[in-house]
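Student: Show me the folded form of this:
(chains A and B)
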Amino acid sequence: MLEVNIDHYLAGNLEQRARLEGLKDHFPIVAHGVGLSLGTDGPLNYAYIDDVIDALERIGATWYSEHLAWTGVPGCELATLLSLPRTQAVVEELAGKIQTLRSLLPVPFYLENIVDYLEFADSVIEPSEFFTMVCERGGAGILLDAENLYTNELNNQVAARDFVNQLAPGSVKAMHVAGGVRNKGLFVDDHGHAVPDAVLPIVKYICERQWPGVIILERDSRLDAEAEIAHDIHRIAALVEQINRQAEAQNSANAYAHAEPS
Amino acid sequence: MPSLLERQQRLAEFLSDPKQYNNAAEAERLARELDIAAGARLGAAGTMAANKRLGKIHAVLPKTMEILGPGARHVFDGFAHHYPPTSISRADNAHQFMEYLEQAEDIEAPEYILDVAKFEITRWRIIVMFDPAIMVGIPIADSLPSTALVRRAPPVALIVLDHDVRCLFEGDGDGSRQEPDRRLVYIAMSGQGEGLPPRVFELDACLYDAVGRMEGWKTAASWSKEFATIEVPDIEALHSIGLIEFKS
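Tutor: Numbering: from 1, shown residues only, chains lettered A, B, ... in the order given. Predicted coordinates for the structure are as follows:
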């Protein structure tokens, strides 16, 4: 499976778009966006959504995902995913927008958790509860970013496993894994370095409870570090294999226990 | 308490301006005003946003940034203070940066830096952004039918430079030699692929101006009248070097 950044597609010329469209002949394609800014306090950007819908059909994406975040306001585009105040009013506003968005999209919509670099003092809802409320009320599946959970654990002391425990079984449809780097006391998910070893136990924890079926390694920069990327893929694949073996062993043990005469 | 949109507008303004987010006292003041915990994080968030924007500009204008050298970050900070980011596009941010270089008076950089930026942004638009020409071709027999439609080919860009900055990209030289009013044309080649240099050559002023006017489709007959006053080539010759395209 290949995840296409829908904003790269939209910014591409005809030749670049044609190359991305051709990928569906070789891989199952899913689409991920950073330009919708769902959390901007204002109406949805319908012109952008029309472009996304057209792009989804052209690249043959089987789902479209975005972030629980805002990235700018009219006239100022920061291109950085920023947090929102975790209030009931924001939950309702976002859920309504997501319902509208889903009614327009030709494919399922998934929402991704972000790294919280900002914290609003009027936030009254816990991060995991806020995320699940928005997803449930908006009807969005969850794209869970294990790296972002790890980063929030390091920077904000929000326990990754507690966050995962709050999610309804079966709600996680896919997972992101990425690397980051420490910068001036903060861990930053720059998608340009190796996946930290400490992220893999979080990935395992998520898989054991949710088994999303799809794990996507995100990589936006230092793409020439091929050995590092290959090593990340190898480590994730080995982890998945280990989880599958454990699940099979558990299933066999359960089947044996059921088959035993009482 | 201001509305969420008002808080976001104030934050966007703050986080896009290094003069604000690099000021710890200002960050603490804004954090109190907008009810944000850990005001110190505002500086980090601003730096992250700035790094992304700087990366976009660097992708389009690598030589310009190289010439600016260690002072590039200082120039960027001055730029970001005056030019809020209005787009996620690399080319748009680079174009804003070029505008800043054109207008700012206190930048410590060689005089030819603006021509380098112009050269690079035109290359970028040609190589990365322009679509290959979609020729709805008609055979050119002995002469082009006067009813055929002609226009400047989409993957063609025209710029005027005052310094010999081509040598920075194509050969030896430091780009500082003055060559006022040099009119250059860039042509991206169909199927050339991303990252390969376009063809670049110089046009004389009359031809440059005429080609500059050829944006929309017009009949070959009407363009022929346009070119009748110019010594240089007829439109079929312009077609042969890729400057214009035809359709029936």
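Student: mind listing what B:T122 touches?
Tutor: Neighbouring residues of B:T122 by Cβ atoms under 8 Å, 6 or more residues apart in numbering or on different chains: B:A157, B:I159, B:Y186. The way it works is simple: take the backbone N, C-alpha and C, and place the C-beta from them, glycine included.
Student: tell me, how many neighbours does the closest residue in space to B:A38 that isn't next to it in sequence end up with?
Tutor: In space, and not counting its chain neighbours, B:A38 is closest to A:E119: 5.9 Å by Cβ to Cβ, 6 or more residues apart in numbering or on different chains. Look at A:E119: counted by other Cβ atoms under 10 Å in any protein chain shown, it has 17 neighbours.
Student: With B:N22 instead?
Tutor: 14.
Student: ok, now A:Y64?
Tutor: 23.
Student: got a list of contacts for the helix or strand hosting it?
Tutor: Assigned by DSSP states H and E, A:Y64 belongs to strand A:61-67. Contacts of strand A:61-67 with the rest of the structure, by Cβ under 8 Å, 6+ apart, involve A:4, A:6, A:28-34, A:36, A:38, A:52, A:55-56, A:81, A:105, A:107-114, A:141, A:143, A:173-174.
Student: Buried by neighbour count: which residues of that strand qualify?
Tutor: A:A61, A:W63, A:Y64, A:S65, A:E66, A:H67 (16 or more other Cβ atoms under 10 Å in any protein chain shown).
Student: tell me the pLDDT at the third one?
Tutor: In other words, A:Y64. Note on A:Y64: pLDDT of 98.
Student: and the closest residue to it other than its chain neighbours, what is it in contact with?
Tutor: Using Cβ to Cβ, 6+ apart and skipping residues adjacent in sequence, the residue nearest A:Y64 is A:A31, 4.6 Å away. Residues near A:A31 by Cβ under 8 Å, 6+ apart: A:3-6, A:9, A:52, A:55-56, A:59, A:61, A:63-65, A:107.
Student: Find the residue ranges of chain A scoring beneath the pLDDT cut-off.
Tutor: A:260-262 (pLDDT under 70).
Student: Pull up the residues of chain B that are close to chain A.
Tutor: Neighbours of chain A within chain B, by Cβ under 8 Å from any Cβ of the partner chain: B:1, B:3-5, B:8-9, B:11-13, B:15-16, B:34-38, B:41-42, B:44-45, B:47-49, B:52-53, B:84-90, B:128-132, B:134, B:194.
Student: Show me those that map onto helices.
Tutor: B:4-5, B:8-9, B:11-13, B:15, B:34, B:41-42, B:44-45, B:47-49, B:52-53, B:90 (DSSP state H).
Student: Now which of the residues you listed would you call buried?
Tutor: In these, the ones that pass as buried (16+ other Cβ under 10 Å) are B:4, B:8-9, B:11-12, B:15, B:34, B:41-42, B:44-45, B:47-49, B:52-53, B:90.
Student: so which helix or strand takes in the residue nearest the centre of chain B?
Tutor: Centroid-nearest residue in chain B: B:I121, 3.2 Å away (criterion: Cα atoms, centre = their mean). Element membership for B:I121 (DSSP H and E) is helix B:113-124.
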